[in-house]
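Enquirer: Test case, fold it:
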Amino acid sequence: MSADKKKYVLVGTGGRAEFFYGAIASDFRETSELLAFCDINQTRMNYANKLLVEKYGYSAVRTYRSDEFDRMIETEKPDAVIVTSVDRTHHTYIIRAMELGCDVITEKPMTVDEKKCQEILDAVERTGRNVRVTFNYRYAPHHTKVRELIESGVIGKVNAVHFEWLLNTQHGADYFRRWHRDKRNSGGLLVHKSTHHFDLVNFWIGSQPETVFAFGDLLFYGRENAEQRGVTKFYDRATGNPNAEGDPFALHLDRNEHLKAMYLDAEHEDGYRRDQSVFGDGISIEDTMGVIVRYRNQAILTYSLTAYAPWEGYRIAFMGTKGRLELEVVEKSYVNSGGEKADEGALKGIRFTVLPMFGAPYTVEFEEGQGGHGGGDPVLLNDLFGVPVPDPFHRAANHIDGAKSILTGIAANRSIRTGLPVKIDDLVKFRS
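Expert: Sure thing, here's the model as predicted:
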């Protein structure tokens, strides 16, 4: 073991984990070392080790059950813990890792509600440890270019932002098959997914949310909506069920080697079903959402998220005192763990335009990146596990950034419940 390598353990070996351990095992062997996995499911950890050995040519690592987390830290003595577990458990591992002397790299969202968020903020203050939140979209070249243009004053002071995000019937539907469909697990899409988008707005306009108002409902997925559209054939899960044959929303785990090994073969340990019907009962998240946010710099955001669109991508427009900036992006569709990691959020098409108030519109030139999340993934991974390069745009996100992004979604969830606007300052207190 090289003394100058940074040492990591990872908790939660589901669909998002390979993004991190695969990078350490391939591109960042010289600077980073993976020591152990931790999970509630031994079968899934065994499969992760199989991938380490057979796909990456890396040595298998030791495995610990979730109730052995403290023992893993004591035994392995890592520098940092990578947290890729179910969202509602993030705070448990983040806080305990810091208490045991480790820094943390956590998958977004940092956590799912204001109470857990406050606990993390307090733990950072108490322990002095560092938390990194992996906002890979910040690192996409076109997103970095947006920040550069706004910072340079091309459109003047930004007063209004209109942001529409579309999840299609492949990627969007996937949140309604998995543990995400229970809002207690994920905070709903306004936390789990929109944390990316709200973070980008904070990052782009250099401000933070002040007041939030929202509407949201389940209007497409779920059994009742399907019944109203005349659907009569229902099933609880797709795999092995004849009613799922021919259903474009069905996910058959036994027809994808990776999904079968990671989920179907592991079911006997924890009962988790990855292929639930998107038109089943028990869905408590919304699929249609509208949010209005006032920022501290007085800018106003109007935001829309739908999870059953015919195409995958987003449109965003910034209205400033000197003009307008418009960005329209079409992304590749993706099912988590159902294909190549580089396809997740990868660019298919882009329209990037500046419209000066008193001048001719022009197309913005930028150097396109390769890989997932618009080319942001490889840059983020180097920032985490390689030798970071100087970054004038300060894209590395800490616990404060993680909190400010989820608090927009958490406030939106409260507004949906109550019908009232929500002030961010009423949710958590930042100590510093």
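Enquirer: for this structure, which helix is longest?
Expert: helix 399-418 (DSSP state H).
Enquirer: how is this protein carved up into domains?
Expert: Listed by automatic domain parsing, the domain ranges of the chain are 6-136, 137-221+283-426, 223-270.
Enquirer: Can you lay out those as TSV showing mean neighbour count and distance to Gln276?
Expert: (Each C-beta comes from the backbone N, C-alpha and C, glycine too.) Converted to TSV, the domains of the chain look like this (neighbours: other Cβ atoms under 10 Å; distance: least, Cβ to Cβ, whole Å):
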stretch	mean neighbour count	distance to Gln276
domain 6-136	20	15
domain 137-221+283-426	19	5
domain 223-270	15	6
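Enquirer: Quick check: Val112 is in a helix.
Expert: No - with DSSP: H, G, I helix; E, B strand; the rest coil as the criterion, Val112 is coil rather than part of a helix.
Enquirer: doesn't Val428 make contact with Glu114?
Expert: Yes - under the criterion of Cβ atoms under 8 Å, Glu114 makes contact with Val428 at 5.5 Å.
Enquirer: Report the set of residues contacting both of these two.
Expert: Common neighbours of Glu114 and Val428, using Cβ atoms under 8 Å, 6 or more residues apart in numbering, are Leu407.
Enquirer: May I ask which helix or strand encompasses Ile150?
Expert: Using DSSP states H and E, Ile150 sits in helix 141-151.
Enquirer: counting contacts, what elements does that helix pack onto?
Expert: helix 194-205, strand 313-320, strand 323-331, strand 347-356, helix 372-385 (3 or more Cβ pairs under 8 Å, 6 or more residues apart in numbering; DSSP states H and E).
Enquirer: Other residues contacting it?
Expert: For helix 141-151, contacts defined as Cβ under 8 Å, 6+ apart pick out 137-138, 155, 158, 200, 203-206, 318, 320, 325, 327, 329, 347, 350, 352, 354, 364, 366-369, 374-376, 393, 395.
Enquirer: The helix or strand following it pairs with which strands, and in what direction?
Expert: Sequence order places strand 158-168 as the next helix or strand after helix 141-151, per DSSP H and E. The strands beside strand 158-168 in its sheet (DSSP bridges) come out as strand 300-309 (parallel), strand 313-320 (antiparallel).
Enquirer: Strand 158-168 versus helix 194-205: what angle between them?
Expert: Relative orientation of strand 158-168 versus helix 194-205 (axes from the mean of the first three to the mean of the last three Cα atoms, to 10 degrees): 150 degrees.
Enquirer: How far off centre is stretch 225-238?
Expert: Computed by Cα atoms, centre = their mean, to the nearest Å, the chain-centroid distance of stretch 225-238 equals 29 Å.
Enquirer: Run through who's touching it.
Expert: 218-219, 223, 241, 243-244, 247, 250-253, 273, 275-277, 279-280.
Enquirer: In strands, which of those fall?
Expert: Secondary structure from DSSP state E places none of the contacts of stretch 225-238 in strands.
Enquirer: outside of stretch 176-189, which residues touch it?
Expert: 86-88, 109, 111-113, 167, 175, 192, 216, 221-222, 251, 272, 274-278, 282-287, 289, 305, 307, 336, 406, 409-410, 413.
Enquirer: and what of stretch 73-86?
Expert: For stretch 73-86, contacts defined as Cβ under 8 Å, 6+ apart pick out 6-14, 16-17, 19-21, 35-36, 39, 62, 90, 93-94, 97, 100-107, 179, 185-186.
Enquirer: which ones among the residues you listed are found in strands?
Expert: 6-11, 35-36, 39, 62, 103-106.
Enquirer: Next, format those as a markdown table and append pLDDT and distance to Asn46.
Expert: Converted to a markdown table, the ones in strands among the contacts of stretch 73-86 look like this (pLDDT from 0 to 100; distance: Cβ to Cβ, whole Å):
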| residue | pLDDT | distance to Asn46 |
| --- | --- | --- |
| Lys6 | 98 | 25 |
| Lys7 | 98 | 22 |
| Tyr8 | 98 | 19 |
| Val9 | 98 | 16 |
| Leu10 | 99 | 14 |
| Val11 | 98 | 16 |
| Leu35 | 98 | 17 |
| Ala36 | 98 | 13 |
| Asp39 | 98 | 10 |
| Arg62 | 98 | 12 |
| Asp103 | 98 | 27 |
| Val104 | 98 | 25 |
| Ile105 | 98 | 23 |
| Thr106 | 98 | 24 |
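Enquirer: want to throw the residues you listed into a markdown table with distance to Arg132?
Expert: Converted to a markdown table, the ones in strands among the contacts of stretch 73-86 look like this (distance: Cβ to Cβ, whole Å):
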| residue | distance to Arg132 |
| --- | --- |
| Lys6 | 12 |
| Lys7 | 16 |
| Tyr8 | 12 |
| Val9 | 15 |
| Leu10 | 14 |
| Val11 | 15 |
| Leu35 | 18 |
| Ala36 | 19 |
| Asp39 | 21 |
| Arg62 | 24 |
| Asp103 | 8 |
| Val104 | 7 |
| Ile105 | 5 |
| Thr106 | 7 |
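Enquirer: Am I right that Lys260 sits in a helix?
Expert: Yes - judged by three-state DSSP, Lys260 forms part of a helix.
Enquirer: now it: how far from Val86?
Expert: Separation of Lys260 from Val86 (Cβ to Cβ, to the nearest Å): 21 Å.
Enquirer: Identify the residue nearest the geometric centre of this protein.
Expert: Lys108 (4.4 Å; Cα atoms, centre = their mean).
Enquirer: which residues does the closest residue to it other than its chain neighbours contact?
Expert: Distances taken as Cβ to Cβ, 6 or more residues apart in numbering put Thr195 closest to Lys108, at 4.9 Å, once the chain neighbours are dropped. Thr195 makes contacts with Lys108, Pro109, Met110, Gly402, Ser405, Ile406, Gly409, as judged by Cβ under 8 Å, 6+ apart.
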